[in-house]
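Asker: How does the following fold in three dimensions:
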Amino acid sequence: MTTETKDVKYKTIEEVCFKAMEAIDVPFKVIDKYGRLANAHGKGNVGEVIEESHFGYKVNSRSEPDFKEIGVELKVTPYVRTKRGIRAKERLVLNIINYEKEYMTTFETSSFWHKNQKLLLMFYEYVKDVARGDLAVHAAQLFTYPETDLKIIRDDWDKIIAKIRAGKAHEISEGDTNYLGACTKGATK
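Answerer: Numbers count the residues shown, from 1 in each chain. Got it, this is the predicted structure:
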């Protein structure tokens, strides 16, 4: 299978949301045009299937929103059912901190805020022992932060950046913050 993808440009948020709804209840193996499920290892490849095969843009790790023309970042994230109800299967990584540049920004000029002002969240249920290709997105929602939550996120960001500015990035702890958690990404990071 080829992996030649040309970035599709979306002109409106409504267009992106409509496209997201087209993926609801469609198994990932049906959406996957480029064989990502067969070739990739790790948890990120379901999101890559949606990015590349469904929305039609190249997989990237740029510090800008996936749909940069309209300022919307895509996040495809699993949930699990437990005896107590539904919960996130794993943390949702919103941004990678560039310790050499981010300390020079304000919250409003940060790569975090630039990338994550509006999120298109697509949720799928992770079921143990079910092939990823047989799973599907069950809900999609455009998310913007309520003002009360945004204040807490700003405060968390300020605490993280203050430690970086003080030369204490190695001391950042998830216990320092309420919503945001500076964490390593991947087993070897």
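
Asker: So what's the gap between the biggest helix by length in the chain and the chain middle?
Answerer: Counting by DSSP state H, the longest helix found in the chain is helix 147-165. Helix 147-165 sits 19 Å away from the centroid of its parent chain (C-alpha atoms, centre = their mean, to the nearest Å).

Asker: quick one, helices of this protein?
Answerer: Under DSSP H, the chain gives helices at 13-21, 28-31, 36-39, 45-49, 111-116, 147-165.

Asker: What residues of the longest helix of the chain count as buried?
Answerer: 153, 154, 156, 157, 160, 161, 163, 164 (16 or more other C-beta atoms under 10 Å). Quick note: C-beta positions are derived from backbone N, CA and C, even for glycine.

Asker: Check stretch 107-119 too.
Answerer: Buried, per 16+ other C-beta under 10 Å, within stretch 107-119: 110, 111, 112, 113, 114, 115, 116, 118, 119.

Asker: tell me which residues in the longest strand seen in the chain are buried?
Answerer: The residue-count maximum for a strand in the chain (DSSP state E) belongs to strand 73-82. Across strand 73-82, burial judged by 16+ other C-beta under 10 Å covers 73, 74, 75, 76, 77, 78, 79.

Asker: which other residues reach that strand?
Answerer: 43, 46-47, 50-51, 55, 65-67, 86-90, 92, 94, 115-116, 118-126, 137 (C-beta atoms under 8 Å, 6 or more residues apart in numbering).

Asker: Name every strand pairing with it and say which way it goes.
Answerer: strand 85-88 (antiparallel), strand 118-125 (parallel) (DSSP bridges).

Asker: Residue 104: which of the ones you listed is closest?
Answerer: strand 118-125 (24.3 Å; C-beta to C-beta).
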